[in-house]
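Enquirer: Test case, fold it:
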Amino acid sequence: MKISSTHPALLASEQLFALPPFHLLKGFVSAAVAYPIAEHLEKRDVSPKVRELRQHYRKPFAQREQLAKTSLLNTLCFAAANVPYYRDLFSSIGFDPERISKDIRYFEEVPYLTKEIMREQGDRMYSRPLAGLRHHMCKTGGSTGLSCHIAYDQPAADYSSAVTLYARERAGNYKWRSELHFACRFPDMLDQGWPMREDFKCFAMNRSNIFFDRLDDVGLEEIWHTLGRRRPYMVHAHPSTIYALACYIQRKYGPIRRFKVFESSGELLEVHQRETIERVLRCRVVDRYGLAELGVMAYELDGHDKGLQVLDSEGWPESRVTEGGSHELVLTGFRNRLMPLIRYATGDLACVEQRKDGFFLTNIVGRIHDIVHLAGVAYPTHTIQDMLDHRVGGIQEFQIDVRGDKPVLRIVPEPHADPAQIAAKIEGYWPGALTVEFVGHDAFVRVGHRAKFRHVVTA
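Expert: Modelled structure (predicted):
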């Protein structure tokens with residue numbers, strides 16, 4: 001028998017388990033009982049990898065750097081032997097991976113990898129056929145070029161989860177402390193009742209989800225009430241979302257705390273956003289850098305003052321100087337043997353600084369999300385993007401032009417997609433709010449380095 005997820009008893013239980021000592025009891029049962037059961041049922045291997053990461057980062061950086069160079073060499077040798085694209089590339093340029101063991105600068109002879117190359121090469125980027133293989137597909141966001149799909153093997157997915165857990169431990173969020181994750185609420189989402197498989201997963205992670213689709217006063221007040229009921233230790237969301245919440249709370253209530261740590265991800269955390277969130281919501285802000293292609297690759301492991309530290313267990317960082325004199329972040333991943341990414345040009349601008357205790361990212365310029373008003377409702381662009389990806393489908397890229405009387409949604413469809421079907425779905429979700437145009441990529445308004453563009457055109 002299932003009950004509504006908004007049943008008064010469930011809402012009351014949220015408030016109860018937010019209070020001491022009940023939140024501790026729930027947290028310990030989650031960490032010590034539910035999580036090991038879930039890990040077994042899902043055939044995951046995450047906990048040993050978390051322990052491995054703890055041991056790795058207890059080592060001095062000089063030792064970790066040598067381990068990273070060894071991982072880099074192993075990745076190159078594996079790709080040369082098993083990935084058609086790299087096998088042909090290394091052969092064509094006469095590149096011998098073994099030589100980097102003598103001089104790491106030899107690595108610079110490998111050409112950069114881009115999304116365009118990945119889309120063009122397709123299955124030649126894989127070390128094994130996907131058929132019959134347990135794997136996970138992840139779509140890139142498209143803010144730094146065409147979207148493409150990344151295939152993770154199971155060990156890589158498990159390491160990605162382990163990195164998140166370990167990094168959050170360093171921010172004080174152990175598994176027995178609760179966290180809240182912001183997610184897109186789709187217009188056609190139905191209340192499937194409680195309990196569901198997702199409910200057990202959330203219990204095992206000691207996590208809850210908050211679904212939202214608008215950042216006007218109505219939506220922000222709903223978010224604030226939910227935070228009041230659940231009182232999580234950590235909140236994970238886009239900084240633009242929590243910044244909008246902070247501005248609303250400052251205007252309506254004044255500074256007040258309902259969670260202790262905000263973990264920012266998905267877009268650039270601006271200085272003024274951090275300061276406002278810390279001051280109004282009275283929480284500690286932790287920044288991280290991650291991307292769909294490789295997972296979380298840098299984190300404020302020792303707080304904001306120490307900076308954004310590259311996770312040298314997961315990849316090798318570089319930066320290349322662009323034509324305009326900026327530095328573009330380039331990463332090589334160590335974990336994903338199904339689809340190794342070597343010298344991947346991320347499209348994000350950042351400098352890599354080597355210090356005595358690690359590699360750090362500085363001067364970061366990355367993806368930014370905007371707010372779009374459709375039929376009087378304020379939508380963050382990452383919500384619109386989630387809806388286009390997961391509800392509409394068949395879209396390579398989009399851009400919204402709000403310079404006229406009515407917003408124009410320009411779409412580059414996938415070759416196999418039906419434009420009429422795409423347009424019908426969009427009209428169903430936002431009736432009369434948008435004019436839809438199907439265009440080529442040359443119709444987009446692009447600015448900045450490598451034709452980097454905002455999803456919203458305002459001027």
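Enquirer: counting contacts, what elements does the host helix or strand of residue 387 pack onto?
Expert: Using DSSP states H and E, residue 387 maps to helix 381-387. Under the contact criterion of 3 or more CB pairs under 8 Å, 6 or more residues apart in numbering; DSSP states H and E, helix 381-387 touches strand 179-184, strand 371-374, strand 395-401. Every residue, glycine included, has its C-beta placed from N, CA and C.
Enquirer: residues in contact with the closest residue to residue 394 other than its chain neighbours?
Expert: Closest residue in space to residue 394, ignoring its immediate chain neighbours: residue 417 at 3.0 Å, by CB to CB, 6 or more residues apart in numbering. By CB atoms under 8 Å, 6 or more residues apart in numbering, residue 417 lies in contact with 393, 394, 395.
Enquirer: Let's see if you can find the most crowded of these.
Expert: residue 395 (20 neighbours; other CB atoms under 10 Å).
Enquirer: So which other helices or strands are in contact with the helix or strand harbouring residue 75?
Expert: Assigned by DSSP H and E, residue 75 belongs to helix 61-82. With contacts defined as 3+ CB pairs under 8 Å, 6+ apart, the packing partners of helix 61-82 are helix 84-93, strand 315-321, strand 327-333.
Enquirer: For the stretch 101-250 of the chain, just list every one of the strands.
Expert: Ranges of strands in the stretch 101-250 of the chain, per DSSP state E, counting those that start in this stretch, are 135-139, 149-153, 179-184, 207-212, 234-237.
Enquirer: got the CA coordinates for the last one in PDB?
Expert: This points to strand 234-237. Extracted in PDB, the C-alpha atoms of strand 234-237 (Å, rounded to 0.1, in the frame of the first residue of the first chain):
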ATOM      1  CA  MET A 234      24.400  20.200   3.400                       C
ATOM      2  CA  VAL A 235      22.500  21.600   0.400                       C
ATOM      3  CA  HIS A 236      23.700  20.900  -3.100                       C
ATOM      4  CA  ALA A 237      22.500  23.100  -6.000                       C
END
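Enquirer: now the angle from the strand ranked longest in the chain to strand 327-333?
Expert: Assignment by DSSP state E gives strand 344-355 as the longest strand of the chain. When axes from the mean of the first three to the mean of the last three CA atoms, to 10 degrees is applied, the directions of strand 344-355 and strand 327-333 differ by 100 degrees.
Enquirer: which helices and strands does strand 344-355 pack with?
Expert: Helices and strands touching strand 344-355, by 3+ CB pairs under 8 Å, 6+ apart, are strand 284-291, strand 315-321, strand 327-333, strand 358-365.
Enquirer: And the helices in the stretch 151-300 of the chain, which stretches?
Expert: With DSSP state H, counting those that start in this stretch as the criterion, the stretch 151-300 of the chain has helices at 154-170, 197-205, 217-230, 239-252, 271-281.
Enquirer: could the ones you listed go into CSV alongside mean pLDDT?
Expert: Listed next are the helices of the stretch 151-300 of the chain as CSV, based on pLDDT from 0 to 100:
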stretch, mean pLDDT
helix 154-170, 98
helix 197-205, 85
helix 217-230, 92
helix 239-252, 90
helix 271-281, 93
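Enquirer: Residue 457 is nearest to which of these?
Expert: When the helices of the stretch 151-300 of the chain are compared by CB to CB, helix 239-252 sits nearest residue 457, at 17.4 Å.
Enquirer: For residue 217, give me its contacts.
Expert: With contacts defined as CB under 8 Å, 6+ apart, residue 217 is in contact with residue 248.
Enquirer: if we go to 10 Å?
Expert: Counting by CB atoms under 10 Å, 6 or more residues apart in numbering, residue 217 touches 248, 251, 252, 378.
Enquirer: Make TSV out of these and add distance to residue 23 and neighbour count.
Expert: Listed next are the contacts of residue 217 as TSV, based on distance: CB to CB, whole Å; neighbours: other CB atoms under 10 Å:
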residue	distance to residue 23	neighbour count
248	26	19
251	30	11
252	27	11
378	33	18
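Enquirer: List just the nearest of those residues to residue 218.
Expert: residue 378 (9.5 Å).
Enquirer: partners of the helix or strand that closest one falls within, with directions?
Expert: For residue 378, the host element (DSSP H and E) is strand 377-380. Note on strand 377-380: by DSSP bridges, its sheet partners are strand 371-374 (antiparallel).
Enquirer: Run through who's touching the strand it pairs with.
Expert: So strand 371-374 is in contact with 214-216, 240-241, 244, 378-381, 383-384, 400, 402, 406-407, 409, 429-434, 455-456, 458, going by CB under 10 Å, 6+ apart.
Enquirer: Let's see that with 8 Å instead.
Expert: Contacts for strand 371-374 (CB under 8 Å, 6+ apart): 215, 240, 244, 378-381, 384, 400, 402, 407, 430, 433-434, 456.
Enquirer: gap between that strand and the chain center?
Expert: Centroid separation for strand 371-374 versus its chain: 22 Å, with CA atoms, centre = their mean, to the nearest Å.
Enquirer: Any buried residues in it, and which?
Expert: For strand 371-374, the neighbour count (16 or more other CB atoms under 10 Å) marks 371, 372, 374 as buried.
Enquirer: Next: stretch 117-132.
Expert: Buried, per 16+ other CB under 10 Å, within stretch 117-132: 117, 118, 121, 125, 126, 127.
Enquirer: residues contacting residue 28?
Expert: Contacts for residue 28 (CB under 8 Å, 6+ apart) come out as residue 176.
Enquirer: Quickly find the element holding it.
Expert: Judged by DSSP H and E, residue 28 forms part of helix 22-29.
Enquirer: same thing with residue 436?
Expert: Element membership for residue 436 (DSSP H and E) is strand 435-438.
Enquirer: what sits up against that strand?
Expert: The set of residues external to strand 435-438 that reach it, using CB under 8 Å, 6+ apart, is 406-413, 419, 422-423, 426-427, 443.
Enquirer: Out of the residues you listed, list just those in strands.
Expert: Using DSSP E, those in strands are 408, 409, 410, 411, 412, 413.
Enquirer: I'd say the last one and residue 397 touch.
Expert: Read that as residue 413. No. Counting by CB atoms under 8 Å, no contact exists between residue 413 and residue 397, whose distance comes to 9.4 Å.
Enquirer: quick one: low-confidence parts of the stretch 251-400 of the chain?
Expert: Low-confidence segments of the stretch 251-400 of the chain, defined by pLDDT under 70: 366-370.
Enquirer: Mind doing that once more with 90?
Expert: Flagging of the stretch 251-400 of the chain using pLDDT under 90 yields the residue ranges 251, 265-273, 321-326, 347-349, 363-391, 393-399.
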